[in-house]
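>>> 3D model of this:
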Amino acid sequence: MAALELVEALGYSKLTIEAVAARAGVGKQTIYRWWPSKGPLLFEAFVELGPAWADAVPSGDLAADLKRELLVAVEESAERRFDQVCRVLVHESRTDLVTLLLMPRRVVLEERLLAAKRSGEVRVDVDVSAAVELLLGPVYQRWLLRTAPLTGDFVDAIVDLVLRALRERP
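This next block holds a predicted model:
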């Protein structure tokens, strides 16, 4: 937790193992015994903190469920701690970041869309994996590139556009 507090306060470039050790009340050799550098230390702290997950129980309204999941991603992305640490982790350990933090949200959306296929809410020929990319891609692109604000209106627009495509007959 000391590493997360410090990166939030100082930023990644000013974060040092010495500062983390002092904040945690341990010697810096204790830190180095477990983590070779500040990148892996931050990654583990971030994973332990865990993302803000929405309740994944389907409400019965596909659009509302998809919007809820994307809003959680938007709200999480707006948190300074998430923003500071996650941007560094994108560069430090992309594979771990995707596996441990982004894949769980993807799984929730895939499960909801598969249920929607079974219930007839979306076409049976929908490629669920591609649909999830259409939903999450704009959120993470806007967050990563900072092209515009992440808002509830943006989430509504994404879900409405994607659902229109998933429900319409070609």
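>>> Can you pull the domain assignment for the chain?
2-47, 52-167 (automatic domain parsing).
>>> Just the endpoints, please. Distance across the shortest one?
Between the start and the finish of domain 2-47 there is a gap of 14 Å, counting by CA to CA, to the nearest Å.
>>> before we move on, back to that, so can I have TSV of the domains of the chain showing mean pLDDT and mean neighbour count?
Where C-beta positions appear, they are placed from N, C-alpha and C, glycine not excepted. Below are the domains of the chain laid out as TSV (pLDDT from 0 to 100; neighbours: other CB atoms under 10 Å):
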stretch	mean pLDDT	mean neighbour count
domain 2-47	86	16
domain 52-167	84	16
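>>> how close does the spatially most distant residue from the centre of the chain get to residue 162?
When distances to the mean C-alpha position of the chain are computed (CA atoms, centre = their mean), the maximum falls on residue 27, with 32.5 Å. According to CB to CB, to the nearest Å, residue 27 stands 52 Å off from residue 162.
>>> and residue 132, what does it touch?
106, 109, 110, 113 (CB atoms under 8 Å, 6 or more residues apart in numbering).
>>> can you check residue 141 too?
Residue 141 neighbours (CB under 8 Å, 6+ apart): residue 147.
>>> Nothing else from me, thank you.
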